[in-house]
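S.K.: model the following, please.
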Amino acid sequence: MPAVGTALAVLVLLSLSGGTGRARTAGGAPAAAGSGAGDTPPAVVLAGTAPQPAWGRCTGLPAPGPGSKRPRGLRCATLQVPLDHARPSGERIGLALIKVPATDPRGRIGSLVFNFGGPGGEGVDTLAQSADQYAELRSRYDLIGFDPRGVGRSDPVACVDARRMDALAAMDDSPDTAAEERAYTAGRAAFVRGCEARSGRLLPHVGTVDAARDLEMVRAAVGDERLQYFGVSYGSRLGGSYAHQFPGRVGRAVLDGAVDTGLSSADLARQQAAAFQRALGAFGDACARLGTKECPLGKDGPSVVASTGRFLAGLDQSPLRTSSGRRLTQSLGTTGVAAALYSRDAWPYLAQGLVDAVKRRDGSLLLMLADAQNGRRRDGAYSGLSAANTAITCADSTDRYTAGDVRRLLPRFRAASPVFGASLAWGLLQCTGWPVPGDPASREVSAPSAAPILVVGNTGDPATPYAWAPALTRALGGRAALLTLEGEGHGAYDTGDPCVREAVHAYLLRGTVPERGATCR
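M.R.: Numbers count the residues shown, from 1 in each chain. Prediction:
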């Protein structure tokens, strides 16, 4: 699931954040993370044959975020992998890698490979910007980030130019009339045609099963006997696919912000709509507690939510001006609100953005939030997030919905979320007309013989609803363990909750698996 970008860090506003506590666990002694049952990796990937990457100086990295410093010793490399893993001697593509070396070489455990989510998120740039958030893990691990195939510096999928992306992002994505529906479906179809025209050769080979096989080659290339892994959001699906294909190669793996791979696209989207609505309610409660002077949107949580919904609905006919000269449309406004719900730390930006928009008729801050979510940079260029997200999602699924399907589903989506339901329902057309049929093999994540895998879920997660975490734990089977955070925001570790961090560090650094029922409050 795409996460809010680092553009949010440039603003300093009032804080709505709350405190956290220590884990409360059920009885029983902690278990040590051990090895798997010795499963042999599939022959399609020849473990141990990946060439050693030639690590060198990194170039073109983004500047660190405010208050952060670029870590010393950054090294980058390109790992050659088969375009088609079924034909390992055929065409190859390059995977971009970045390494942040361990600060305690004598105590080094190995490499810890990250996937920060998406699908379509760039691992190289993200790790370069955020490595200081993992300082304790870096003490004993080389931190490894990579751009999955079709993403960032790894032969990226391309679909349309920036001007067309601006139009698509602003386009009404919750059509109320036949004309709006025709415009929306035509826009989606044009995007699909662009993907096929520019990246047709890649599209059959960017799915999660292939990315997991690449992950096995990364493991071999960095010289680790087992993969130590930290996957967030979509990264949990990638980690689950890896564990299913290579259970004997699993070392210590954290899957944070878990995805339930057993659900259809429609059920995933509807449950996500309900989770975003719940998160908006939590924001509304926090905002209202500040009083009407700081939060002039309503006297209580429900009234804040209602006023937000009315404001977004009004943008359908009356988009707002912004300092950039672009207009804040209904779709961009809805995206901006959703973007800020990914992190409790972003709630102040949402409060200020809504006050600016509702009281001052200025949509600039909400547009900035939407641009961060959509991967639009300050110079007007876009990252490849939208293109890669679509390509990977459609490669992983055979679900292909029609406009008629969406119209039939709309009542259930609107019941789940009056604010976000319609947009997420129409988003089911993402793969309509996609030139690749899709393969649902990445939904298979069972790995009962693997070493203990730690799944982490946040009860207030809007993008990956909490129920998906126990579902993924059950699907993995074996010794998979669940850690619960009773909090707000997408994922758990990056909320900074000290209880979650203590538990994750104990697992990754010392092999201690949380007790059954472990919960951070």
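
S.K.: what's the local residue count around the closest residue to residue 102 other than its chain neighbours?
M.R.: Leaving aside its sequence neighbours, residue 102 sits nearest to residue 108 (Cβ to Cβ, 6 or more residues apart in numbering; 4.6 Å). To be clear about C-beta, it is placed using only N, CA and C from the backbone, and glycine gets the same treatment. Neighbour count for residue 108, taken as other Cβ atoms under 10 Å: 14.

S.K.: right, and residue 108 touches residue 137 too?
M.R.: No. Residue 108 is beyond contact range of residue 137, at 11.6 Å (criterion: Cβ atoms under 8 Å).

S.K.: hey, where'd the strands end up in this protein?
M.R.: All strands of the chain, identified by DSSP state E, fall at 23-24, 31-32, 75-82, 92-100, 110-115, 141-146, 227-232, 250-256, 453-460, 481-488, 512-513, 519-520.

S.K.: which stretch in these has the least confidence?
M.R.: With a mean of 38, strand 31-32 has the lowest mean pLDDT of the strands of the chain.

S.K.: picking that back up, which stretch among the strands of the chain comes nearest residue 353?
M.R.: Residue 353 lies closest, by Cβ to Cβ, to one member of these: strand 481-488, at 17.7 Å.

S.K.: contacts for the closest one next, please.
M.R.: 20, 23, 279, 282, 344, 452-460, 466, 469-470, 473, 492, 495, 497, 499-500, 503-504, 513-514, 516, 518-521 (Cβ atoms under 8 Å, 6 or more residues apart in numbering).

S.K.: just the buried positions in stretch 58-65, please.
M.R.: For stretch 58-65, the neighbour count (16 or more other Cβ atoms under 10 Å) marks 58, 64, 65 as buried.

S.K.: can I get that stretch in PDB, CA atoms only?
M.R.: In PDB, the C-alpha atoms belonging to stretch 58-65 read as follows (Å, rounded to 0.1, in the frame of the first residue of the first chain):
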ATOM      1  CA  CYS A  58      26.000   6.000  -4.800                       C
ATOM      2  CA  THR A  59      24.900   8.700  -7.100                       C
ATOM      3  CA  GLY A  60      21.600  10.600  -7.600                       C
ATOM      4  CA  LEU A  61      20.200  10.000  -4.100                       C
ATOM      5  CA  PRO A  62      17.600  12.400  -2.700                       C
ATOM      6  CA  ALA A  63      18.600  14.700   0.100                       C
ATOM      7  CA  PRO A  64      17.900  13.500   3.600                       C
ATOM      8  CA  GLY A  65      14.700  14.700   5.300                       C
END
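
S.K.: can you list the domains in the protein?
M.R.: 65-157+203-261+439-520, 162-201+266-374+399-431 (automatic domain parsing).

S.K.: related to what we said a few turns ago, so how far is residue 55 from the residue nearest to residue 102?
M.R.: Per Cβ to Cβ, to the nearest Å, residue 108 is found 16 Å from residue 55.

S.K.: now tell me which helix or strand of the protein has the poorest mean pLDDT.
M.R.: strand 31-32 (a mean of 38; mean pLDDT, DSSP states H and E).

S.K.: elements contacting the longest helix along the chain?
M.R.: Secondary structure of the chain read by DSSP state H shows that its longest helix is helix 265-289. Counting contacts by 3 or more Cβ pairs under 8 Å, 6 or more residues apart in numbering; DSSP states H and E, helix 265-289 is packed against helix 301-314, helix 330-340, helix 347-360, helix 403-416, helix 421-426, strand 453-460.

S.K.: mind redoing it with 6 Å?
M.R.: With contacts defined as 3 or more Cβ pairs under 6 Å, 6 or more residues apart in numbering; DSSP states H and E, helix 265-289 has these neighbours: helix 301-314, helix 403-416, helix 421-426.

S.K.: out of the ones you listed, the one nearest residue 186 is which?
M.R.: helix 403-416 (11.2 Å).

S.K.: residues contacting the closest one, please?
M.R.: 185, 270, 273, 274, 421, 425, 426, 428 (Cβ atoms under 6 Å, 6 or more residues apart in numbering).

S.K.: quick one: the closest residue in space to the third one that isn't next to it in sequence and residue 300, what's the gap?
M.R.: By that I understand residue 273. In space, and not counting its chain neighbours, residue 273 is closest to residue 417: 3.9 Å by Cβ to Cβ, 6+ apart. To residue 300, residue 417 is 19 Å away according to Cβ to Cβ.

S.K.: same check, this time on residue 480
M.R.: Taken as Cβ to Cβ, the span from residue 480 to residue 300 is 40 Å.

S.K.: more crowded one of those two?
M.R.: residue 480 (25 against 13).

S.K.: and the residue nearest to residue 355 when sequence neighbours are not counted, how many residues sit next to it?
M.R.: The shortest distance from residue 355 to any non-neighbouring residue, by Cβ to Cβ, 6+ apart, is to residue 296 (6.3 Å). Other residues lying near residue 296 total 17 when counted by other Cβ under 10 Å.
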